[in-house]
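Peer 1: Here is a sequence together with a model predicted from it:
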Amino acid sequence: MDFKIAVLPGDGIGPEISVQGVAVMDAICEKFGHKVSYTHALCGADAIDKVGDPFPEETFKACMEADAVLFSAVGDPKFDNNPTAKVRPEQGLLAMRKKLGLFANIRPVETFDCLVHKSPLKDELVRGADFICIRELTGGMYFGEKYQDDEKAYDTNAYTRGEIERILKVAYEYARKRNKHLTVVDKANVLASSRLWRKVAQEMAPNYPDVTTDYMYVDNAAMRMIQEPKFFDVMVTENTFGDILTDEGSCITGSMGLLPSASTGEHTPVFEPIHGSWPQAKGLNIANPLAQILSVAMLFEYFDLKEEGQLIRKAVNASLDANVRTPEIQVEGGEKYGTKEVGAWIVNYIKNA
Ligand code: IPM
Ligand code: MN
């Protein structure tokens, strides 16, 4: 294949991990005979500083012209601590989601046996847990009508049937390819929007007789995720619930720095780590590049290039087994590896595979 990739490094540790993702992309393309070219584009705080817009038109154009976007992270504390800031890095992320029509956010919650001890949960609960959360990404409160004055404020959690149907369809397709168990997470005992979600899901379920569908309130789902994470196979939910549950999901694996994600929809798909920009670590060569590297695996898998994805996953597992790890998952007394060293080890593994 001939890949055109838009690379959006963003802020904080973004640029450092981005370099490692690109290096792995190059190594795989060379190995499997694919051609690849890159367009680097600005986003986030970096783009605000340089051109005053967290998702500039030029970046949008680069994304639209690409086959896939390799995204890293956005966010900078100088905006977090300034409630009067007119533009924020996160607005760039939301603009990207909306403009690229990225309505489906796929977030795998996968455990790595050698890191289970890092989980806040008991070994037997978490070992083997493996599910994916499919989060609706362009609707709900994030994008609904908003109002704010000094006495009153609201966000509207609006969903249309069409928006619900298309995300459920994605979820059912995933469930079909996995263990055929879909959990629809909502708050239908309280929210009208959730009642529509449930109604639409109940209408669609008979079209997927091979998949077991169950329904769970979001509060219960949050609890179940820590009590029995292995219950889940595919979970689907609206934007805000998905935001919260996927943070919970990422931390139960004990390795937030290892979880990639894909966002797909109407235009170019985006592949990114689920962790943020970790500004405190910027430039220190300590950030874990694995989530970014695994997002490259998801990129290849999206294009049905399974062997390419598989080799990346194999290389990542080998690096963990060889204790080639960044500080936060280092075994005690082990040799120290930085972002660059872990990336280089994986590239080398791929080259020699
Ligand atoms: C995420 C992030 C974003 C979100 C923020 C940075 C706007 O938390 O991707 O989960 O809330 O969607
Ligand atoms: Mn989030």
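Peer 2: Received the coordinates, thanks. Ligands and ions are numbered 1, 2, ... in the order given.
Peer 1: show me the contacts for whichever residue of the stretch 1-150 of the chain sits closest to ligand 1.
Peer 2: Nearest to ligand 1, among the residues of the stretch 1-150 of the chain, is Glu90, at 3.9 Å (CB to the nearest ligand atom). (Glycine included, C-beta is placed from N, CA and C.) By CB atoms under 8 Å, 6 or more residues apart in numbering, the contact set of Glu90 is Pro54, Val74, Gly75.
Peer 1: Next, find the distance separating it from Lys4.
Peer 2: 27 Å (CB to CB, to the nearest Å).
Peer 1: Show me what from the stretch 101-250 of the chain comes close to ligand 1.
Peer 2: Residues of the stretch 101-250 of the chain lying near ligand 1 by CB under 6 Å from any ligand atom: Asp243.
Peer 1: Count the residues that sit near the closest residue to ligand 1 within the stretch 101-250 of the chain.
Peer 2: Closest approach between the stretch 101-250 of the chain and ligand 1, counting by CB to the nearest ligand atom: Asp243, at 4.5 Å. Using other CB atoms under 10 Å, Asp243 is surrounded by 17 other residues.
Peer 1: quick one: secondary structure of it?
Peer 2: Assigned by DSSP: H, G, I helix; E, B strand; the rest coil, the conformation of Asp243 is helix.
Peer 1: repeat for the one 3 residues further on
Peer 2: For Thr246, the secondary structure call by three-state DSSP comes out as helix.
Peer 1: That one contacts Ile106, correct?
Peer 2: No: Thr246 is not in contact with Ile106 according to CB atoms under 8 Å; the separation is 10.1 Å.
Peer 1: For those two, list the residues in contact with both.
Peer 2: The contact sets of Thr246 and Ile106 overlap at Cys133 (CB under 8 Å, 6+ apart).
Peer 1: Now do the same contact list for Asp321.
Peer 2: Cys114.
Peer 1: Ignoring the adjacent residues along the chain, who's closest to Ala23?
Peer 2: What sits nearest to Ala23 in space, not counting adjacent residues and going by CB to CB, 6 or more residues apart in numbering, is Val347, at 5.1 Å.
Peer 1: Sticking with the residue nearest the centre of the chain, tell me its helix or strand.
Peer 2: Central residue of the chain (CA atoms, centre = their mean): Ser261, 2.7 Å from the mean position. Using DSSP states H and E, Ser261 sits in strand 260-264.
Peer 1: Which strand in the chain has the most residues?
Peer 2: Looking across the chain with DSSP state E, the single longest strand is strand 2-10.
Peer 1: Run the chain-centre distance for the next helix or strand after that strand.
Peer 2: Using DSSP H and E, the next helix or strand after strand 2-10 towards the C-terminus is helix 14-32. Relative to its chain's centre, helix 14-32 lies at 18 Å (CA atoms, centre = their mean, to the nearest Å).
Peer 1: Which positions within helix 14-32 qualify as buried?
Peer 2: Judged by neighbour count (16 or more other CB atoms under 10 Å), helix 14-32 contains these buried residues: 14-29.
Peer 1: try stretch 331-348
Peer 2: Buried residues in stretch 331-348 (16+ other CB under 10 Å): Tyr337, Gly338, Thr339, Glu341, Val342, Gly343, Ala344, Trp345, Ile346, Val347.
Peer 1: can you pull out the strands in this structure?
Peer 2: 2-10, 35-40, 68-73, 104-110, 130-136, 146-148, 153-155, 181-186, 212-217, 234-237, 260-264, 270-273.
Peer 1: Turn these into CSV, including mean pLDDT.
Peer 2: Output for the strands of the chain, formatted as CSV (pLDDT from 0 to 100):
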stretch, mean pLDDT
strand 2-10, 97
strand 35-40, 98
strand 68-73, 98
strand 104-110, 96
strand 130-136, 97
strand 146-148, 95
strand 153-155, 97
strand 181-186, 98
strand 212-217, 98
strand 234-237, 98
strand 260-264, 97
strand 270-273, 97
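Peer 1: Quick check: beta-bridge partners of Val270?
Peer 2: Beta-bridge partners of Val270, counted by DSSP bridges, are Val69, Ser263.
Peer 1: Check the contact between it and Leu100; I expect there is one.
Peer 2: Yes: contact criterion CB under 8 Å: Val270 and Leu100 qualify, at 6.7 Å.
Peer 1: which one of those two has more residues nearby?
Peer 2: Between Val270 and Leu100, counted using other CB under 10 Å, Val270 has the larger neighbour count: 27 against 23.
Peer 1: In contact with that one, which residues?
Peer 2: Counting by CB under 8 Å, 6+ apart, Val270 touches Cys63, Ala68, Val69, Phe71, Met96, Leu100, Leu102, Ala262, Ser263, Thr264.
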